[in-house]
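what shape does this take:
(chains A, B, C and D)
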Number of protein chains: 2
Amino acid sequence: MTSFATTAESLRFRKETSLTVIIREEVARMIEAGELLPGAWVNEAELAQRFGVSRGPVREACRGLEQAGLLHFVVNRGAFVRQIDATEAAELYDLRSALFALAGRTLAPIITKDGLAQLDGLTRAMEEAARLGDLEAYYPLNLQFHRAILELGGNKRLLNAYQNCVRELHLFRRGGLVTAERMTKSNAEHQAIVDVLRSRDGDKASRLMEAHVLRAKKRILKDAAS
Amino acid sequence: MTSFATTAESLRFRKETSLTVIIREEVARMIEAGELLPGAWVNEAELAQRFGVSRGPVREACRGLEQAGLLHFVVNRGAFVRQIDATEAAELYDLRSALFALAGRTLAPIITKDGLAQLDGLTRAMEEAARLGDLEAYYPLNLQFHRAILELGGNKRLLNAYQNCVRELHLFRRGGLVTAERMTKSNAEHQAIVDVLRSRDGDKASRLMEAHVLRAKKRILKDAAS
DNA sequence: CAACAAAAAATCGTCGACGATTTTCGATTA
DNA sequence: TAATCGAAAATCGTCGACGATTTTTTGTTG
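Residues are numbered from 1 along each chain as shown, chains lettered A, B, ... in the order given. Here you go, the predicted structure:
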């Protein structure tokens, strides 16, 4: 149980944004953070009470998350956090690989010095985390690296589709065991990606980045099977 | 004004589905059918009255469509049908090309006799429509052809992403002028796609199908500029 | 008569309430 | 004691209402 006292209070003073939007983002965060696990039932009344609002905005928020693929509704039983099986996870990884590949092809010809520096910084930070075996640090950096590539590419709809994909994939996570060795290997691929982006070769970047995601798919699904 | 009398009545007897879901799909249809044009304001009260329900379900439905990218909310002003500018349309076409390419790569190795027959039937129907210059017939067949490929591929998440993309692209349609010549050319590409799918060459299918969408992008954006 | 200001109407976001359905829990029975 | 059944509680989907904000209308002035 996190402290919602401050959140609930500050909510009342934000008339720029509707409660629905704030709650939608907060619930999405709770799912991402693992405070709401896949399969869990979403108690509307409890959430409403926590945020100090009525059930209306909570329901609207949940309907949004339903469309985003994070929740699903059962009539007269309410909303549940979606569960992703191995088949669906495989589908999502294929989708993600195609999106990431497109991001690479888009970005390679237009990447700036600053963009490359940003990616270099992230790979360096990941290298450090891998060397220390610090998974807690590595994981968010990894997400940030991929996201940065999508953002630098400049295609907002692509970024949106990619983020949706990643968020849905979160619903699978069977505690994919990440070892120091894997972190090192994965980051070597990251370095290769930055290099090929620096070379401005869109096709090559596309292939490399697609393969990068597909390797992650193989690893995760192998873990899940065992 | 279509007649909602029957719709509103039958609604009351469907306790299997929530009103929100039915209304969400109906509003999506209205947007697709052009009954609600891009930029148009969505009158909650009027919709509620039409369907014979209160504003609650209507608002929930609209929040879903917001997440789907079909509507956007402005605080204290309500929901509006989203407008897509040329930049965003270009982004969506790039995205669509990547998704369609992935569908081709997925489908090529697994397509069945039945699947090929289905696609052949659609190309024949489009050929007929093109010969008659019948745009009204060609357009839905064209959508059906692309969709069939996605469905036969079997990746549900990919299909979902693709459909979202196409629906958003509908918000652009500046009356892209479709001539008989263009229909013929476009359908020649469709035939080539079916042929390469028949040959089971995933990479080739992927390239061809990506190019097919990118050509459509060029045409549409050129039209929009003029 | 156009431009501006104030009043009226319309609409939004949110709330609390109610019947209907589902779930929980305790009593009854084999 | 375990299973079954029915009453009680909890929850859902939906509705109507209310203050706040926006839009439209009306009235006024230069």
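
rest of the way, CA atoms for contacts and neighbours
Fine.

the nearest residue to A:D94 once chain neighbours are set aside sits in which helix or strand?
With CA to CA, 6 or more residues apart in numbering or on different chains as the criterion, A:D94 has its nearest non-adjacent residue at 7.0 Å, and that residue is A:L214. Following DSSP states H and E, one finds A:L214 within helix A:202-225.

pLDDT (mean, whole number) over that helix?
Throughout helix A:202-225, pLDDT has a mean value of 92.

contacts for that helix, please.
For helix A:202-225, the surrounding residues in contact (CA atoms under 8 Å, 6 or more residues apart in numbering or on different chains) are A:86, A:90, A:93-94, A:96-98, A:100-109, A:174, A:176-177, A:189, A:193, A:196-197.

and A:F73, that one's in a strand?
Yes. Read with DSSP: H, G, I helix; E, B strand; the rest coil, A:F73 is one of the residues of a strand.

read off the pLDDT value for it.
Confidence score, pLDDT, at A:F73: 98.

that one touches A:E66, doesn't it?
Yes. Contact status for A:F73 versus A:E66: in contact at 7.2 Å, counting by CA atoms under 8 Å.

joint contacts of these two?
Between them, A:F73 and A:E66 share no contacting residue, judged by CA under 8 Å, 6+ apart.

please pick the buried ones from the contacts of helix A:202-225.
Buried members of the contacts of helix A:202-225, counted by 16 or more other CA atoms under 10 Å in any protein chain shown: A:90, A:93-94, A:96-98, A:100-108, A:189, A:193, A:196-197.

now the residue of chain A found nearest DNA strand D: which helix or strand?
Using CA to the nearest atom of the strand, the closest approach of chain A to DNA strand D is made by A:N76 at 3.6 Å. Per DSSP H and E: A:N76 is located in neither a helix nor a strand.

let me know the pLDDT of it.
pLDDT for A:N76: 96.

tell me, how many residues neighbour it?
If you count neighbours by other CA atoms under 10 Å in any protein chain shown, A:N76 ends up with 10.

one more: the one 5 residues further on?
Using other CA under 10 Å, A:V81 has 21 other residues around it.

do I have it right that it meets A:H72?
Yes. A:V81 is within contact range of A:H72, at 6.5 Å (criterion: CA under 8 Å).

immediately after the helix or strand of chain A with the lowest mean pLDDT, which helix or strand?
Counting by mean pLDDT, DSSP states H and E, chain A has its least confident helix or strand at helix A:5-11, which shows a mean of 42. Moving toward the C-terminus from helix A:5-11, the next helix or strand (DSSP H and E) is helix A:19-32.

okay, that next one in CSV with CA atoms only?
Presented in CSV, the C-alpha positions along helix A:19-32 are these (Å, rounded to 0.1, in the frame of the first residue of the first chain):
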residue,chain,number,x,y,z
LEU,A,19,-9.9,13.2,-12.9
THR,A,20,-10.3,10.5,-15.5
VAL,A,21,-7.0,11.2,-17.1
ILE,A,22,-5.1,11.4,-13.8
ILE,A,23,-6.6,8.1,-12.6
ARG,A,24,-6.0,6.4,-15.9
GLU,A,25,-2.3,7.2,-15.7
GLU,A,26,-2.1,6.2,-12.1
VAL,A,27,-3.7,2.8,-12.6
ALA,A,28,-1.5,2.2,-15.6
ARG,A,29,1.5,3.0,-13.3
MET,A,30,0.1,0.6,-10.7
ILE,A,31,0.0,-2.2,-13.3
GLU,A,32,3.4,-1.4,-14.5
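
what helices or strands is the following helix or strand past it leaning on?
Counting by DSSP H and E, the next helix or strand C-terminal to helix A:19-32 is strand A:41-42. Under the contact definition 3 or more CA pairs under 8 Å, 6 or more residues apart in numbering or on different chains; DSSP states H and E, strand A:41-42 sits against strand A:78-81.

near DNA strand D, which residues of chain A show up?
A:15, A:42-45, A:55-56, A:73-79 (CA under 7 Å from any atom of the strand).

returning to what we had before: just give me the neighbour total for the residue nearest to A:D94.
When counting by other CA under 10 Å, one arrives at 19 neighbours for A:L214.

measure it to chain B for me?
13 Å (CA to the nearest CA, to the nearest Å).

one more: A:E46?
If you go by CA to the nearest CA, the gap between A:E46 and chain B works out to 19 Å.

and that residue, backbone torsions?
Per-residue torsions, A:E46: phi -60, psi -50 (degrees, to the nearest 10).

need the contact list for it.
Taking CA under 8 Å, 6+ apart, one finds nothing in contact with A:E46.

neighbours of A:P38, just the number please.
Close neighbours of A:P38, defined as other CA under 10 Å, add up to 19.

actually A:K204, sorry about that
A count of nearby residues for A:K204, using other CA under 10 Å, gives 18.

now do A:E136
If you count neighbours by other CA under 10 Å, A:E136 ends up with 9.

quick check: it is in a strand.
No. Going by three-state DSSP, the assignment for A:E136 is helix, not a strand.

quick one: it from A:A130, how far?
As for A:E136, its distance to A:A130 is 10 Å (criterion: CA to CA, to the nearest Å).

fine by me, we can end here.
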